[in-house]
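Student: pasting the structure only:
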Ligand SMILES: [Zn+2]
């Protein structure tokens with residue numbers, strides 16, 4: 001279960017893969033790959049990420 005792995009917290013150094021803004025969410029794909037999204041793009045890609053059963057972890061800040 002990839003989603004159960006403990007991963008490091010997002011930091012200020014983590015950037016959205018789409019626009020370069022501060023990352024607020026990490027999507028872990030079934031393939032094991034990771035994508036980082038700002039709040040805007042996390043919402044924009046939410047449906048698509050669900051479609052591919054990605055595990056989306058929101059930053060708690
Ligand atoms: Zn973005």
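Tutor: Happy to help now that I have it. Everything quoted here is computed from the prediction, not taken from an experiment.
Student: which stretches of this protein have low pLDDT?
Tutor: Residue ranges of the chain with pLDDT under 70: 1-6, 61.
Student: Next to the ion, which bits of it? Give me the list.
Tutor: 16, 18-19, 21, 38, 41 (CB under 5 Å from the ion). C-beta here means a position set from N, CA and C on the backbone, and glycine is covered the same way.
Student: Repeat the analysis, applying 8 Å as the threshold.
Tutor: On the criterion CB under 8 Å from the ion, the ion has as its neighbours in the chain the residues 16-21, 37-42, 44.
Student: Run through the helices of the protein in chain order.
Tutor: 39-44, 46-51 (DSSP state H).
Student: first to last residue in stretch 23-42, what's the distance?
Tutor: 9 Å (CA to CA, to the nearest Å).
Student: Quick check: buried residues in it?
Tutor: Neighbour-count burial for stretch 23-42, counted by 16 or more other CB atoms under 10 Å, picks out 23-28, 35-38, 41-42.
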